[in-house]
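Participant: The following block contains a protein sequence and its predicted model.
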Amino acid sequence: GLAPEHAPDPSEHEASYWLGTLVQKKIMILLCLGPVRGTLELQPYDEEAEAYEVPTIPGSFIILRADAMWHRHCAHSKAHILSCFLVGHEGRKTGSNWV
């Protein structure tokens, strides 16, 4: 992809589409590619819950509830993380609610 300063601004239609998709995120899957170790900070949206730190090493595979917690990855140099979101549809009466 393009660096943020070189990427074109999305149209109103594109922004609306992606906002609608991103608010449905339920599960986030992370694969730590390295080359360095890092730390994944997890903070539940519940104000009374404490933050939790998970060490990340190349090859680590992490699954987290993206709809229930805020997350941030930190490393002392460049660390690559492959991520994927599983989204759900609210209010469906029948069938699976996962996309």
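Facilitator: Looks like it arrived, so ask away.
Participant: Quick one: the helices in the protein, in order.
Facilitator: 12-22 (DSSP state H).
Participant: Skipping adjacent residues, who's closest to the spatially most central residue of it in space?
Facilitator: The centre of the chain sits closest to Met28, judged by Cα atoms, centre = their mean, with a distance of 5.0 Å. Excluding its sequence neighbours, the residue lying closest to Met28 (Cβ to Cβ, 6 or more residues apart in numbering) is Ala66, at 4.0 Å. For every residue, glycine as well, the C-beta is placed using N, CA and C.
Participant: what's around the nearest residue to Ala75 once chain neighbours are set aside, how many residues?
Facilitator: Counting by Cβ to Cβ, 6+ apart, the nearest residue to Ala75 once its immediate chain neighbours are dropped is Gly38, at 3.4 Å. Using other Cβ atoms under 10 Å, the number of residues around Gly38 comes to 21.
Participant: gap between Gly38 and Gln24?
Facilitator: 27 Å (Cβ to Cβ, to the nearest Å).
Participant: Ok, His73 next?
Facilitator: 22 Å.
Participant: ok, now Leu82?
Facilitator: In terms of Cβ to Cβ, Leu82 sits 20 Å off from Gln24.
Participant: out of these two, which sits in the more crowded spot?
Facilitator: For Leu82 versus Gln24, neighbours defined as other Cβ under 10 Å are more numerous around Gln24 (15 against 10).
Participant: Report the separation between the more buried one and Phe85.
Facilitator: For Gln24, the distance to Phe85 - Cβ to Cβ - is 9 Å.
Participant: for Ala66, same thing?
Facilitator: Counting by Cβ to Cβ, the gap from Ala66 to Phe85 is 6 Å.
Participant: more neighbours, these two?
Facilitator: Between Ala66 and Phe85, counted using other Cβ under 10 Å, Ala66 has the larger neighbour count: 18 against 15.
Participant: In the helix or strand bottoming out on mean pLDDT in the chain, which residues are buried?
Facilitator: When the helices and strands of the chain are scored by mean pLDDT, DSSP states H and E, helix 12-22 comes last with a mean of 88. By neighbour count on 16 or more other Cβ atoms under 10 Å, the buried set for helix 12-22 is empty.
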